[in-house]
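Peer 1: 3D, please:
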Amino acid sequence: MPGFRPRDRLVRLAVITAPHGVGGAFRLRCFTERPESVAAYGPVCDERGRELFALEVLHRVPGGVVARAPGIADRDAAERLRGTALCVPRARLPEPGPDEFYEVDLVGLEAVEPSGRRLGRVTAVLDHGAGEILEIETEEGTLLDLPFTRAVVPEIDLEAGRLVVVVPSVIEAEAAA
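Peer 2: Reported below is the predicted structural model:
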């Protein structure tokens, strides 16, 4: 991929979910604001930064789009790609609006309590379907999963590299037990 450096942070745009038909097309579950724009960011790579292909979106389907790519000529080739995450370097994406964040921008931020006490560092942003969860590795080395809501995360300062976390009392009680 021209100009791609493996150390660039990658943003997941979509995941290949299934083949579509017999000609090599496949379904994508898209994480872009408009699913049909998934091909607008240039050639995609996998999560390790290995160049894959440029996408051509054929049409929308519930939950995403149907696409095809050069070199994927039949159903078997498309089936082998099932589960593959399609990514691009963060620098290719537009800057997010106010109160919007790319997950990759949150990973690595220092998590502090409102008092300023260091809680740990964000290690992942998870989404299991019921809302986003921040995974924070605490100073003690344990993992703390917190809902990514304004009540729990009232402040994010990307330039300072930190976010403020209000740990819900239920979680505090469990940690103390």
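Peer 1: low pLDDT regions in this structure?
Peer 2: Within the chain, the ranges that satisfy pLDDT under 70 run 1-8, 170-177.
Peer 1: can you list the domains in it?
Peer 2: As assigned by automatic domain parsing, the chain contains the domains 10-92, 103-176.
Peer 1: count of residues packed around the residue lying closest to residue 72 once chain neighbours are set aside?
Peer 2: Take residue 72 and drop its neighbours on the chain: the residue closest to it by CB to CB, 6 or more residues apart in numbering is residue 24, 4.2 Å away. From N, CA and C alone the C-beta is placed, and that goes for glycine too. Taking other CB atoms under 10 Å as the neighbour definition, residue 24 ends up with a count of 20.
Peer 1: Quick check on residue 24: phi, psi?
Peer 2: When read as degrees, to the nearest 10, the backbone of residue 24 gives phi 100, psi 0.
Peer 1: How about residue 76?
Peer 2: Given degrees, to the nearest 10, the pair of backbone angles that residue 76 has is phi -60, psi -40.
Peer 1: How many residues are close by residue 158?
Peer 2: Summarising burial for residue 158: neighbours were counted as other CB under 10 Å, giving 13.
Peer 1: how about the strands in the protein?
Peer 2: The residue ranges that make up the strands of the chain, judged by DSSP state E, are 10-20, 25-30, 44-45, 51-53, 56-61, 64-68, 85-89, 110-112, 118-127, 132-138, 143-147, 155-157, 162-164.
Peer 1: Pull out the buried residues from the fifth one.
Peer 2: For strand 56-61, burial by neighbour count (16 or more other CB atoms under 10 Å) applies to residue 57.
Peer 1: One more: stretch 125-142?
Peer 2: Within stretch 125-142, the residues scored as buried using 16+ other CB under 10 Å are 125, 133-137.
Peer 1: start to end distance for stretch 152-169?
Peer 2: Start-to-end span of stretch 152-169 (CA to CA, to the nearest Å) is 11 Å.
Peer 1: Run through who's touching it.
Peer 2: Judged by CB atoms under 8 Å, 6 or more residues apart in numbering, the contacts made with stretch 152-169 from elsewhere in the structure are 101, 105-106, 108-114, 119, 122, 134, 136, 144, 146-147, 151.
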